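*Asks:* my questions concern the predicted model and sequence given below.
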Amino acid sequence: MDIAKEAYPKFQEKLQVCKDLLHGFDFSDFINGSPLVKARLISGGVNFVLDPHEPERVDLFLKEALLLKQAHSLCSSMTLERERAEAAYMEAIRSTVIKIKHGGDGGRTLSLNEINAQINELLKAAIQCNGVISLFDSSKAKGEIFSLFDPKVLDEISKMKEKNIAVEMLKKLMLDQVSVYKSTNVVQSEKFSEKITKLMNSYYNGLITNEEVIKELLKTAEEIKNLYKNGEKLGLSQEELAFYDALTKPENIKDFYENDELVALTKELTEQLRKNRTIDWQKKETARASMRKMVKRLLKKYKYPPEDYDFAISTVISQCELWTDKSEISQQSNVLAYPMNNDGLQAVADRTNQFPKH
């Protein structure tokens, strides 16, 4: 390849495309600015790229910035100082957007310290600047992984000036937690997954502002947190609460029972399922049919409304499949053999992050 005739012109072309995509955001001070100015312009540029009113911008920018990086790797010795600085800025935005939207290794949620470190490394490698930059105040989080139940972290995110970044971080955080929750409670995980999806669709379609979506996401986080308190109030373990939610998913069910009766039904159901489950029961049709009959007999015993039998049985079986799958994983590794505590899902998330990466 003739670098001067092919790679360098391609680099200049892609640099201009990236600059055009940032039209409306002034980053000219990045070239000669202090480390703090550079960091603020990176966060501002990321916030600009994540604007929900320009939904095509983020994917297009990520694509073009990657092509810019590849072209630059072929002709870096020929580029001017200003071009190198501008290319470094585009790469800083590209890398930070990816980290915020998709997380770190294995898709896990990043800590505040990790995001700060990411920006520092980009700046040090590309600009050779000195000094430590803190885009977010990570002292409150003590370098730990984001916790959906940590009010300090949530408060810090909600007060960020870069509201588009805050929305994306909250969305990623909540979907991570719902994904972890899916392994323990199929009904509630579906409920919150649907709620977050509808909320984000409204946001991306311009029906609600970023301040409004942040407010609603924080309210949803509080609802998820309260699920564990609900189990404690009912005197149910998290395992039992999952089957309680499965049994009471039909909206009219609570009209037929006193709550004590539902709790008794839940406890007996959980105990019978515990005694009868096997690792491979969901793979054998005869075992599956036997399990369905057992659930149906118990529903009849408690006079569960017949019109809701099929729905309840299907939901209970789905929950039991998750339960059995988790038991299989626990036999292979103690990662999920944990006691639920006040940290709730965070304890699970921390351990889940230790799974082998595929």
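*Replies:* Right, received. Where do you want to start?

*Asks:* assumed residue 249 was part of a strand.
*Replies:* No - in this structure, residue 249 is coil, not part of a strand, as judged by DSSP: H, G, I helix; E, B strand; the rest coil.

*Asks:* show me the helices in the stretch 251-358 of the chain, by range?
*Replies:* Listed from the start of the chain, the stretch 251-358 of the chain has helices (DSSP state H, counting those that start in this stretch) covering 259-276, 285-301, 309-332, 345-352.

*Asks:* just name the most buried of those helices.
*Replies:* Counting by mean count of other Cβ atoms under 10 Å, helix 345-352 has the highest mean neighbour count of these, with a mean of 19. Every C-beta, even on glycine, is put in place using the N, C-alpha and C of the backbone.

*Asks:* any idea of the mean pLDDT in that helix?
*Replies:* Helix 345-352 comes out with an average pLDDT of 36.

*Asks:* and for stretch 12-23?
*Replies:* Stretch 12-23 shows an average pLDDT of 96 in the prediction.

*Asks:* same deal with stretch 234-252?
*Replies:* If you average the pLDDT values across stretch 234-252, you get 84.

*Asks:* go on, stretch 165-183?
*Replies:* Mean pLDDT, stretch 165-183: 79.

*Asks:* kindly export that stretch (C-alpha atoms) in CSV.
*Replies:* Extracted in CSV, the C-alpha atoms of stretch 165-183 (Å, rounded to 0.1, in the frame of the first residue of the first chain):
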residue,chain,number,x,y,z
ILE,A,165,-24.6,9.8,29.9
ALA,A,166,-26.5,9.4,33.2
VAL,A,167,-29.5,7.8,31.4
GLU,A,168,-27.3,5.3,29.6
MET,A,169,-25.4,4.4,32.8
LEU,A,170,-28.6,3.9,34.8
LYS,A,171,-30.2,1.8,32.0
LYS,A,172,-27.1,-0.4,31.8
LEU,A,173,-27.0,-0.8,35.5
MET,A,174,-30.7,-1.7,35.8
LEU,A,175,-30.7,-4.2,33.0
ASP,A,176,-27.6,-5.8,34.5
GLN,A,177,-29.5,-6.2,37.8
VAL,A,178,-32.7,-7.5,36.1
SER,A,179,-30.6,-10.0,34.2
VAL,A,180,-29.1,-11.3,37.5
TYR,A,181,-32.6,-11.3,39.1
LYS,A,182,-33.9,-13.4,36.2
SER,A,183,-32.1,-16.4,37.6
